[in-house]
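1. sequence unknown, structure follows:
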């Protein structure tokens, strides 16, 4: 496990899981949300994002967490040796986004881009969750299984499975 892609719907625990994994196994962590936004909350240019993303892909080891632009996501899947798809039930993802928003009013969530509004980000997360069924679906999962022939693929469907995977990967 040298190049790990962690992805899934908003509010699925990707950032928390990735941070823990990176710390335990000693891989550098790159969070896509932070790469997509500048310190003032504005989006970085697509060219700048692509340049930074490509540099990371060429490194010998990494954890890349998040989705980002679709083209870069597909590149990440091709370069990774380990794919971790966190596919929690929608009701749970909505709850975790809401919980993050409430806690975010007091303290900025882990992996949250500096300068980005927690309220605006929560609204975007709800919006993307509403649209997620069009992307994170059975067809996506089948395509994922098809490209994962020479990779480790983990599909996580509950918080208990996520905790179990954490223990499995760091032992």
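-> Arrived safely, thanks for sending. A quick note: this is a predicted structure, and the numbers were derived from the prediction, not measured.

2. Does the lowest-mean-pLDDT helix or strand in the chain pack against any helices or strands, and if so which?
-> Counting by mean pLDDT, DSSP states H and E, the weakest-scoring helix or strand in the chain turns out to be helix 32-36, with a mean of 89. Contacts defined by 3 or more Cβ pairs under 8 Å, 6 or more residues apart in numbering; DSSP states H and E place helix 32-36 against helix 46-58. C-betas here are computed from N, CA, C, even on glycine.

3. And the next helix or strand past the helix it packs on?
-> strand 62-65 (DSSP states H and E).

4. Would you mind listing the buried residues in the least confident helix or strand of the chain?
-> 32, 33, 34, 35, 36 (16 or more other Cβ atoms under 10 Å).

5. ok, what's across the strand from the nearest residue to residue 8 once chain neighbours are set aside?
-> Closest residue to residue 8 apart from its sequence neighbours, by Cβ to Cβ, 6 or more residues apart in numbering: residue 86 at 3.5 Å. In this structure, residue 86 bridges to residue 8, residue 156 when assessed by DSSP bridges.

6. in stretch 117-129, what counts as buried?
-> Buried, per 16+ other Cβ under 10 Å, within stretch 117-129: 118, 121, 122, 125, 126, 128, 129.

7. Show me the residue sitting in the middle of the chain in space.
-> residue 66 (2.4 Å; Cα atoms, centre = their mean).

8. follow-up on the earlier one: just to check, the residue nearest to residue 8 is in contact with residue 11?
-> No - between residue 86 and residue 11 no contact is recorded; they are 9.8 Å apart, counting by Cβ atoms under 8 Å.

9. Residue 1 touches residue 81, doesn't it?
-> Yes - assessed by Cβ under 8 Å, residue 1 is found in contact with residue 81 at 6.6 Å.

10. In three-state terms, how would residue 5 be classified?
-> At residue 5 the chain is in strand, as set by DSSP: H, G, I helix; E, B strand; the rest coil.
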